[in-house]
Structures are given as C-alpha cells and as structure tokens.
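**Q** just the structure for this:
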Amino acid sequence: MSIFETLMLVCFGAAWPFSIYRSYTSRSTKGKSLLFLIILLFGYVSGITHKLLYSFDLVIILYVLNLIMVCIDTLLYFRNARIEKQRQDA
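**A** So this is what the prediction gives:
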C-alpha cells in the first residue's frame with residue numbers, strides 16, 4: 001500500500017462531498033462537465049480493477065468511495081440537466 005496513493009485518494013475524496021452538495025443545491029449543470037465526470041468514473045473503475053487483479057489492499061475502499069461519490073455527482077448532473085430543460089420549456 002502506497003501512502004502517496006492513499007493521500008491522493010483522500011484529497012480527491014474530500015472534494016467530492018462539496019461538489020455533490022453544490023450540484024444538489026444549485027439545480028444547475030453550470031460549471032460541470034459530463035465528459036470530465038465520465039473520465040473520472042473510468043479512472044476509478046480502472047484503479048479498482050488494478051487493485052483487484054494485481055495489488056489488492058485496503059486502498060480499494062477509497063477507490064470505491066470515490067467512485068460512489070462521482071456516480072452521485074453524475075446522476076445529479078443528469079437530474080439538473082432535466083430541471084434546466086423543464087425551465088426552458090416553461
């Protein structure tokens with residue numbers, strides 16, 4: 001287990017609750033990039049896959065937690081896009 005990998009995942013993970021809160025309360029996609037979120041999802045899935053196949057350790061928990069938070073933010077992106085469309089149509 002690498003302390004640097006752990007610190008990187010903790011730092012990234014610390015930012016996601018704020019992003020999720022902002023996405024939830026703003027009800028807007030402004031400042032969000034779906035492509036960026038998808039790239040992050042792919043990255044976390046790749047990290048989890050690597051841990052499962054080649055280097056299993058407890059850091060996988062941080063990968064999974066981060067993946068869950070990015071999934072939540074991605075779902076909120078789609079919710080907010082729907083809300084924005086409804087506002088335009090009204």
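**Q** mind listing what's buried along stretch 33-51?
**A** For stretch 33-51, a neighbour-count test (16 or more other C-beta atoms under 10 Å) marks 37, 40-41, 44, 47-48, 51 as buried. Every C-beta, even on glycine, is put in place using the N, C-alpha and C of the backbone.
**Q** show me the contacts for residue 41.
**A** For residue 41, the contacting residues are 67, 70-71, 74, by C-beta atoms under 8 Å, 6 or more residues apart in numbering.
**Q** how close does it sit to residue 3?
**A** 25 Å (C-beta to C-beta, to the nearest Å).
**Q** find the residue at the geometric middle of this structure.
**A** The residue lying closest to the centre of the chain (C-alpha atoms, centre = their mean) is residue 70, at 1.5 Å.
**Q** do I have it right that that residue meets residue 37?
**A** Yes: counting by C-beta atoms under 8 Å, residue 70 touches residue 37, with 6.2 Å between them.
**Q** quick one: the strands in this structure?
**A** Using DSSP state E, no strands are assigned anywhere in the chain.
**Q** now the longest helix seen in the chain: average pLDDT?
**A** When the chain is parsed with DSSP state H, its longest helix is helix 60-89. Helix 60-89 comes out with an average pLDDT of 97.
**Q** packing partners for that helix?
**A** helix 3-26, helix 34-53 (3 or more C-beta pairs under 8 Å, 6 or more residues apart in numbering; DSSP states H and E).
**Q** between that helix and helix 34-53, how many degrees?
**A** Orientation check (axes from the mean of the first three to the mean of the last three C-alpha atoms, to 10 degrees): helix 60-89 against helix 34-53 gives 160 degrees.
**Q** just the buried positions in helix 60-89, please.
**A** Judged by neighbour count using 16+ other C-beta under 10 Å, the buried positions of helix 60-89 are 60, 62-63, 66-67, 69-70, 72-74, 76-77, 80.
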